[in-house]
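Asker: Next comes the sequence, and after it the predicted model I'd like to discuss.
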Amino acid sequence: MQRLYDFLRRNPTWVDSFWAVALFGISCVSITNVNGAGDQQGSSLAPALPIAVVLSTVVALRRRMPEKMLVLAVAAGLAQLVLDVPSAPEDFAMLVIIYTVAADGARWASRFALIGGLCAGTLSQLRWPATEAGGLGGVLIAIFQTVPFALAWVLGDSIRTRRAYLAQLEERAARLEKEREAQAKVAVAAERARIARELHDVVAHNVSVMVVQADGAAYVMDTAPDQARKALETISGTGRQALAEMRRLLGVLRTGEHQEGGEYVPQPDVEQLDDLIEQCRTSGLPVDFKVEGTPRPLPSGVELTAYRIVQEALTNTRKHGGPNAGASVRLVYFDDGLGLLVEDDGKGAPHELYEEGGADGQGHGLIGMRERVGMVGGTLDAGPRPGGGFRISALLPLKAAH
């Protein structure tokens, strides 16, 4: 049964042809009965058979070419008026084509069908008046004959409106689905960019510490074994910390990996700056650290941004400051934000690092800083100091700007 229904839905012309044949059969029976009864109008019914064929064709092809079938139906109706062929069952095709054009046809055809349908009842009553009805009765009959045509048009136009509404809903749903997919892709890209920045910070900082310690250990291996052993222990601890953070970040990148028991570490905050600076001091970089204002809890995004800025700034000092560089870190708690000032007295970074935001083709430290600060609505200023060295100043508001 379902297959038959699907076939009929895919081939509507077959359905219409069936009803056209049925309508033509009923019309033939009606024509035969009228002629057999010897009606006075029987002689005028000779053209009835061709008109029945035309109107049956209108029903058969109404969905394939609705506008053309409407014109053909109007021509058949006018032929009935001119040739004096009274109303017959085949005239039901006019109701069908009016409905079809109102539902599926062009707008001009729909309006034309409405006008023709409203005129049909009046024209029929004028051409074949009911002799037993008076003037008022004839008007009522004309109105009664007009009602089916008007209802057919209203039904078809309602179907058109409903289809347009459903199409609009489908289009809106499709558009929303595309927007959701686009937003999901943007969110994934943003998350991957954040993870990339995290990886850069972890690798750049910890590897630079390990390189400095390894160089120092190799230098004092023979003359100061205890100092070399301490440097190797620092390398080991730094490597483990880097591996733990990298494992956490890479675990996020692996879709569907939520195994328990993995090594996950919390996001760093300003309270861990003491450990970070002590690690830098151990690696041979003198750092002066000061905290001004009253420390208080901050949003996690602000704390992570502050930690990463200090980490990246000190990493850049080790990379570009030279062998005798020193640094200072100043953390200031304001009423509405957190201020950071990281300075060093080294030779400074290459000019390209701050001229174009950090895109020197070798690293993306300053770019990552600016992105982090921008995400929390803050401001960042980076560049060479007047007296030599490099300075990074940041202001992180407690509430992001809208």
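Answerer: Thanks, I have the structure now. None of these values were measured; they are calculated from a predicted model.
Asker: how about residue 342, phi and psi?
Answerer: Backbone torsions for residue 342, taken as degrees, to the nearest 10, come to phi -120, psi 120.
Asker: My guess is it contacts residue 321. True?
Answerer: No. Counting by Cβ atoms under 8 Å, residue 342 sits too far from residue 321 to count as a contact (11.6 Å). Where you see a C-beta, it was placed from the backbone N, CA and C, and this is true even at glycine.
Asker: Compare neighbour counts for those two and give me the winner.
Answerer: Each of residue 342 and residue 321 has its neighbours counted (other Cβ atoms under 10 Å); residue 342 has more, 24 against 21.
Asker: hang on, the earlier thing: which residues are in contact with each of residue 342 and residue 321?
Answerer: Contact criterion Cβ atoms under 8 Å, 6 or more residues apart in numbering; residues bridging residue 342 and residue 321 by contacting each: residue 327.
Asker: counting contacts, what elements does the longest helix seen in the chain pack onto?
Answerer: Looking only at the chain and at elements set by DSSP state H, the helix with the highest residue count is helix 135-220. Using 3 or more Cβ pairs under 8 Å, 6 or more residues apart in numbering; DSSP states H and E as the contact test, the elements touching helix 135-220 are helix 92-104, helix 107-127, helix 225-253, helix 273-282, helix 300-320, helix 365-375.
Asker: May I ask which helix or strand encompasses residue 223?
Answerer: Residue 223 belongs to no helix or strand when elements are defined using DSSP states H and E.
Asker: what about it, how many neighbours?
Answerer: The burial metric for residue 223, expressed as a neighbour count using other Cβ under 10 Å, is 8.
Asker: same deal with the one 5 residues further on?
Answerer: Other residues near residue 228 come to 19 when the count uses other Cβ under 10 Å.
Asker: if you skip the residues just before and after it, what's nearest to it?
Answerer: Closest residue to residue 228 in three dimensions, ignoring its sequence neighbours and counting by Cβ to Cβ, 6 or more residues apart in numbering: residue 217, at 4.3 Å.
Asker: can I assume the one you found is in contact with residue 231?
Answerer: Yes. Under the criterion of Cβ under 8 Å, residue 217 is in contact with residue 231, at a separation of 3.9 Å.
Asker: more neighbours, those two?
Answerer: Comparing residue 217 with residue 231 by other Cβ under 10 Å, the one with more neighbours is residue 231, at 25 against 20.
Asker: quick one: that one from residue 287, how far?
Answerer: If you measure residue 231 against residue 287 using Cβ to Cβ, to the nearest Å, the figure is 18 Å.
Asker: same check, this time on residue 71
Answerer: Relative to residue 287, residue 71 is positioned 91 Å away (Cβ to Cβ).
Asker: Between those two, point out the one with more neighbours.
Answerer: The residue with the greater number of neighbours, taking residue 71 and residue 287 and applying other Cβ under 10 Å, is residue 287; the counts read 19 against 14.
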